[in-house]
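In: Could you look at this predicted model? Sequence included:
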Amino acid sequence: MAKTTTQSRAKASPSKAAAVASKKAPPVVVTETAPVLSAPELKKVELIDAVVERSGVKKKFAKPAIEAALAILGESLAEGRDLNLRPLGKVKVQRTKEVANAVVMTTRIRRPNMEAAPVDAEEGGIADAAE
């Protein structure tokens, strides 16, 4: 009787395999994309120079303000606070991990589509140097 059960299982297996094979999805063509190369990282010195150039403020006035802003941003992220800073976008801390010499933060940044909704300069809240 054991032989009959084994033989019936052997006979059932090919039909199951044929049924599974007929249910397989058709092959999908995968197109290869070129790797995205990132631009070189922005250093603090470059940031200060760009702000000086764009705003017209003297470097001796811009540098302490930028350094204070970066310190506040870093402290806020360390506290786990979300940032909503237009036009940079909304920054949300997903998770943190402490390693030997640092705290690694995985963040998510959602930037608005600047082409669809440009920021009005008068709504920005940044005063001119004369104000």
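Out: It's in.
In: middle-most residue in this protein, spatially?
Out: residue 108 (4.7 Å; C-alpha atoms, centre = their mean).
In: so after the longest strand belonging to the chain, what's the next helix or strand?
Out: The longest strand of the chain (DSSP state E) is strand 89-98. Next in sequence after strand 89-98, counting helices and strands by DSSP states H and E, comes strand 103-110.
In: So which elements touch that following strand?
Out: Applying 3 or more C-beta pairs under 8 Å, 6 or more residues apart in numbering; DSSP states H and E, one finds that strand 103-110 contacts helix 59-78, strand 89-98. Every C-beta, even on glycine, is put in place using the N, C-alpha and C of the backbone.
In: The same query, at a cut-off of 6 Å, please.
Out: Helices and strands in packing contact with strand 103-110 are listed as strand 89-98; criterion 3 or more C-beta pairs under 6 Å, 6 or more residues apart in numbering; DSSP states H and E.
In: The strand it packs on: which residues count as buried?
Out: Residues of strand 89-98 classed as buried: 91, 92, 93 (neighbour count, 16 or more other C-beta atoms under 10 Å).
In: repeat for stretch 59-71
Out: Across stretch 59-71, burial judged by 16+ other C-beta under 10 Å covers 62, 63, 66.
In: Quick one, grab the pLDDT at the second one.
Out: At residue 63 the predicted local distance difference test score is 96.
In: what about the closest residue to it other than its chain neighbours, helix or strand, and which?
Out: Nearest non-adjacent residue to residue 63, counting by C-beta to C-beta, 6 or more residues apart in numbering: residue 48, 5.4 Å away. Take DSSP H and E as the rule and residue 48 turns out to sit in helix 44-55.
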